[in-house]
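Participant: Okay, structure incoming, though there's no sequence with it:
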């Protein structure tokens, strides 16, 4: 991915221990312009009374970060990217209770405050820094979107009491690395879809989010899980995580195939995990009357709802969208899923890079080379 | 509406009493071709063991019937139209228990069997005659759609034990005439939207269905109900049935006005009650993050979901569609609403016609002349 | 169990094929008086238009049947016992559509009509033959309770279109034998409890119902499942079906142990599967504030809610009770769970008897001898 | 109520304006011992970064405060009582954003933090100061329970950003005085009961909470509301707030009367609003199968569930308990109900006292003299 310039890191950097003064500088993967995310030095952030400073031990790159890299999702020049932190509490704000410096924690990709109107409506994901007495349109995604993110040596976590979740001893960084975003998002596709015991569920696209949606449908008792995917490695992982059948859309119309597989009945829940018109539309077309389309994709164009697929509005259909649930309780539950080995997402981390090689990691991940699913980045 | 031919009714017809043999013939409003619904003679139907035969005492015309008339919604040539019956049980099938001939009853516009897979999934409205072991795409609307309807002297009601609902004494035909369809549909807009105490609800279009959606939102505890409508008589009725504010879309952008009225917050639930792209889209645009678009309209084109209005799929939005809930328990509850005077829908019947003048009634209703809201048709 | 008299069966009986006239007589396990269930001859039932006649191929004995045997649950003298049928459709009522004679089917223990008010309220299990326009207090359990049951050569199934569920080819009788009652009841303990991904669930007692509740909690994504049981064989089966921990109440206070296991937090959902004050109370005591007690047991005494366990009514607790969900769609879903090998209930059938030895089977099952969990009875 | 000693208030006290230094002392109604709540001087509290200090303009006395007075509910000696504040923001903590000093606000009786595990589970009422990483058994009621309360010149509000709700201009103190507790609690009885359009609801006891439950059931669309009460003034108020029928339990068995009124069907939802065995049991006995008992009362003894009323555990019943929902969004919604005149709770304030006469107010309220419903206390 030649359009990512490698930024020359000129200083020799080392993580300081807590007994010494915190380093003035840290490395961070920063958005410069479309096509350019670079590693550069930034000051270690100062923290306010509600905040915590994490020393990142492992993080990763998300498909959304690639959208940022490509300029498809705009963020401010100079922003640190990344929203999937595993780390050690370096310092706690003066008002933070219930945690200790030195604790190993994660925080969700979405960091609700807990006190906003959105949170008090039960809609924690839609609480962002611009939210005041009402709701803000952009939602509650802050890390690497409206504030500096996790692809750095240090990360400031706002509203720390709401967002820090201690990692159970015995779990490795990589084991919990998927909790902040893709497990939370993918599982919520099944949860918001209302999957019940005995449901038939179709999951469109088996990237990391779609794979976790497949796993989530399996966890909730779906008995027929149809994964739609054409890449063999992802097909294999889908089967490993719970898919009963894989439909390869490159070999025929997936709608026709799913209707055939269900004897014309359609599916109870269809999960969209790509963010394209084709998959959105196909998900609607395979729904049974009364079924639910649970949409996880981040779209980049207007969508069309075909009249027939929508039964002219008379099909008792539901279309639900979900932004990754965050907060410490959500993280606790997801780490429990890992700890109890209900599903094994281990195979999702296919590649590992030190932070200084993050630009290479972006290049690999954006190109989907070498069967990459997720990369682990270690500062 | 000059394109409706008046069919010459040649016979002098009279309703027979039950002590005499049932009449061999009855009058029925029949679809002939686009633009032609006529009153003609048909045999009184024979009934099977599950069925009931109603002698219709009052019925009405629905907007959907006008779609049929105009050829926008196809039905078989010769089909009797109408799905809103009030009548007397003329005869019960041999297997029907729990009812008596001579009882005054209504039946819902949608007539679930009770035994279908759709019904056993809790999705009673999606159960049609073609449903077998799974689901049928067309939904459970039978009267005036797949079987003969209510605009006639007699109506065969299938699955009578599931569908007949006795009218409480003290309620007139006109008082319960809205229960089979528009009250059930309109209220379900609020119900499926999940309206809660203190919600702000916008209802787009105040035709009969939209007016009932307004009333339903009021019944469920919404504290800010914004009705969108331009026709003065409908605006007045909207206020009478519970709207706090009326927005006239002909005098400015209703989206901007609703956002202004809600201080930029948006509404908790937006109900679409027209079936057009403009209203669907506006309903989505005024939603707060986490809000619900409850769609009641019957659409006739593909729909577009604008990317921004959909928050790129990240807004925790829900879009739900509903087909009129039916069945005797639903009808019982709606008649309770009328009997206890929770809302007064009396003003909805603006015009009255005998069955022999139904073609005139169609003409008036389709043209929306004379401030017509609903017409009562009496055989 | 010497108090069960063996009824002398004097006729030599053989199952007739369908091409010959049906036998006038059949064998049936009949309640005579407390302590006496006997096998005697009865006429093969005549069927009405909605009914089906099944030739039973496999059935079983339920704990409730033992209550009947012991006189703890009163039924009419002469009633055929049993509510868990697997069989072949021998004959269909004249009005039954959608099934064929010769089809292999099951029917749920509870047989809703589909058309009752209870059903139309979504409360299918509470629909019994005495239900008219409202609700009947005794619920919808008919087989072996208010009408003749399944421990016989033939079984009349009422409301056949609502209740017959074809068995997928490839599944044996024994594989689907648990669907009519214990799978449906046990799973519903988890379903009505609202088990969510990451929940901690305690299940009190690991008889057949409790084991299925354990399996249901596992199927729905609970990550910490604590089974309370003292019998080693049942402890082992609990672990096999999904329990993470087994608490032996005979070795210490299970409430204290569960609070210890949850670090004082309590459980999200506690499932009662025995029907005694001790287990009901313990289930309440281990609930976290806001938690749900899902009760499956059939009680035989008044219950006491201790003030403290109930947080004086201020704990945002829920107590829910469930009667086994029935109907063909429920059965279809449960058979899907079996067919897709989501759980393996195979080990539950520990003993097998021909119908002529059913009195021996009762004796074994009532005494809980020989590690019995469930018995298969084959006519 | 001669057992309440009047504490001699020796200092002449006046509310300071904000431009001058805050007064060192304030008056507060303080629990001394069973039978003794007295008005005494206390220091005005210091506030932390999350807190707000309110200058109370109006408050009231709750039935729970009478329990405290009588020694039935233990609190610490010296604690200021009261949990229903209307006031002006005197001072904001350093970290509080989104509010201004001088703003007129209310806060709920229950003050969730927003960041606790309980809150992040959606169980805001169960979040108390003792809650750490899990749940605390005592629930989230802090004012006048675990920290000083509102019957004073000043009140410290913890977690101010979660709990302060600005009062819309145009609403008087008395109009919003019921929002913090009795409207929130009473309405939640209907909300947690899941009241739907067309439901029949019985509300046991028409004290302030029960009256609000009646109003809540009406707001949510119940069509048959049966209030159980014997005091004529409360019967009249029940009718004014939405009851269709009042059953006087002093004139006959209310269970028999309610079953008669419902033709033996029972009610969909029964709300208990007293906290006694008789009402709890009666509420259970009038439930239809599948119905919900929504319990609001604060009990002081163990409860008995009669076997028959519970259908031996087979009735698909639900019993739900609720602790008053709090938080600024809840308060906003309740004030909307008042502002839009959906219900008129004006008549609930029957007596008014200045703070210096609060001991008299307790005496009147505890004795339920003079037709008292609620008293307004003004510092």
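Facilitator: Sure thing, it's come through. Note that the coordinates shown come from a computational prediction; the quantities given were computed from them, not determined experimentally.

Participant: okay, CA-based contacts and neighbour counts for the rest of this
Facilitator: OK.

Participant: The lowest-mean-pLDDT helix or strand in chain A near chain D at all?
Facilitator: Among the secondary structure pieces of chain A, namely its helices and strands, helix A:117-120 has the lowest mean (mean pLDDT, DSSP states H and E), a mean of 89. Yes - contact check for helix A:117-120 against chain D, using CA under 8 Å from any CA of the partner chain: residues in range are A:117, A:119-120.

Participant: ok, which of these also contact chain C?
Facilitator: Among the residues of helix A:117-120 next to chain D, no residue is within reach of chain C (CA under 8 Å from any CA).

Participant: Any chance of the residues you listed in TSV with neighbour count as columns?
Facilitator: TSV is the format used below for the residues of helix A:117-120 next to chain D (neighbours: other CA atoms under 10 Å in any protein chain shown):
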residue	neighbour count
A:117	25
A:119	24
A:120	24
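
Participant: what's the burial count for residue A:24?
Facilitator: By other CA atoms under 10 Å in any protein chain shown, the residues close to residue A:24 number 10.

Participant: nope, residue A:233 is what I was after
Facilitator: What residue A:233 shows, counting by other CA under 10 Å, is a neighbour count of 14.

Participant: Which residue is the nearest non-sequential neighbour of it?
Facilitator: residue A:371 (6.6 Å; CA to CA, 6 or more residues apart in numbering or on different chains).

Participant: Relative to residue A:62, how far out is that neighbour?
Facilitator: Taking CA to CA, to the nearest Å as the measure, residue A:371 and residue A:62 are separated by 15 Å.

Participant: Neighbour count: the two, which is higher?
Facilitator: Comparing residue A:371 with residue A:62 by neighbour count (other CA under 10 Å), the higher total belongs to residue A:62, at 23 against 15.

Participant: so who does the more buried one touch?
Facilitator: Under the criterion of CA atoms under 8 Å, 6 or more residues apart in numbering or on different chains, the contact partners of residue A:62 comprise A:82, A:374.

Participant: Torsion angles phi and psi at it?
Facilitator: For residue A:62, the backbone dihedrals (degrees, to the nearest 10) come out as phi -110, psi 160.

Participant: so how far is chain D from it?
Facilitator: The span separating residue A:62 from chain D equals 25 Å under the rule CA to the nearest CA, to the nearest Å.

Participant: do residue A:263 as well
Facilitator: As for residue A:263, its distance to chain D is 34 Å (criterion: CA to the nearest CA).

Participant: What number of residues are in the vicinity of that residue?
Facilitator: Here the count is done by other CA under 10 Å, and residue A:263 has 11 residues near it.

Participant: if we can go back for a sec, by contact count, what packs against the least confident helix or strand of chain A?
Facilitator: For helix A:117-120, the helices and strands in contact under the criterion 3 or more CA pairs under 8 Å, 6 or more residues apart in numbering or on different chains; DSSP states H and E are helix D:328-339.

Participant: Swap in 10 Å and give it another go.
Facilitator: Using 3 or more CA pairs under 10 Å, 6 or more residues apart in numbering or on different chains; DSSP states H and E, the elements in contact with helix A:117-120 are strand B:287-295, helix D:117-120, helix D:160-163, helix D:328-339.

Participant: ok, back up a step: dump the residue contacts of the residue nearest to residue A:233.
Facilitator: Residue A:371 makes contact with A:231-234, A:350-351, A:364-365, according to CA atoms under 10 Å, 6 or more residues apart in numbering or on different chains.

Participant: Let's verify it: helix, strand, or coil?
Facilitator: With DSSP: H, G, I helix; E, B strand; the rest coil as the basis, the three-state label of residue A:371 is coil.

Participant: now the helix or strand residue A:186 falls within: mean pLDDT?
Facilitator: Applying DSSP states H and E as the criterion places residue A:186 in helix A:184-193. Averaging the model's pLDDT scores along helix A:184-193 yields 98.

Participant: quick revisit: report the distance from the least confident helix or strand of chain A to the chain centre.
Facilitator: 22 Å (CA atoms, centre = their mean, to the nearest Å).

Participant: again with stretch A:265-273
Facilitator: Remark: stretch A:265-273 is offset 21 Å from the chain centroid, using CA atoms, centre = their mean.

Participant: Is that stretch in proximity to chain B?
Facilitator: Yes - with CA under 10 Å from any CA of the partner chain as the threshold, stretch A:265-273 lies in contact with chain B, specifically through A:265-266.

Participant: quick one: that stretch near chain C?
Facilitator: No - among the residues of stretch A:265-273, none lie within reach of chain C under CA under 10 Å from any CA; the closest is 11.9 Å away.

Participant: show me where pLDDT drops low in the stretch 1-150 of chain A?
Facilitator: Residue ranges of the stretch 1-150 of chain A with pLDDT under 70: A:1-23, A:128-139.

Participant: For it, just list every one of the helices.
Facilitator: Applying DSSP state H, counting those that start in this stretch to the stretch 1-150 of chain A gives helices spanning A:63-69, A:117-120.

Participant: Highest mean neighbour count out of those helices?
Facilitator: Compared across those, helix A:117-120 shows the largest average neighbour count, a mean of 25 (mean count of other CA atoms under 10 Å in any protein chain shown).

Participant: Distance from the chain centre to the next helix or strand after it, please.
Facilitator: Tracing the chain C-terminally past helix A:117-120 and defining elements by DSSP H and E, one meets strand A:154-157 next. Remark: strand A:154-157 is offset 18 Å from the chain centroid, using CA atoms, centre = their mean.

Participant: quick one: strands adjacent to strand A:154-157?
Facilitator: Within its sheet, strand A:154-157 is paired with strand A:52-60 (antiparallel), according to DSSP bridges.

Participant: Contact residues of the stretch 101-250 of chain A facing chain D?
Facilitator: A:112-124, A:131-134, A:159-163, A:165-166.

Participant: Could you tell me which of these count as buried?
Facilitator: Buried subset of those (neighbour count, 16 or more other CA atoms under 10 Å in any protein chain shown): A:112-120, A:122-124, A:131, A:133-134, A:159-163, A:165-166.

Participant: Select from the helices and strands packed on helix A:117-120 the stretch with the lowest mean pLDDT.
Facilitator: For the helices and strands packed on helix A:117-120, mean pLDDT drops lowest on helix D:117-120, to a mean of 89.

Participant: quick one: residue A:277 and residue A:295 touch, right?
Facilitator: No - because the distance of 11.5 Å does not satisfy CA atoms under 10 Å, residue A:277 is recorded as not touching residue A:295.

Participant: just to revisit the earlier point, any idea of the angle the helix holding residue A:186 forms with helix A:328-339?
Facilitator: Compare the direction of helix A:184-193 with that of helix A:328-339 by axes from the mean of the first three to the mean of the last three CA atoms, to 10 degrees and you get 100 degrees.

Participant: Tell me the helix or strand right after helix A:184-193.
Facilitator: Towards the C-terminus, the helix or strand next in line after helix A:184-193, according to DSSP H and E, is strand A:200-204.
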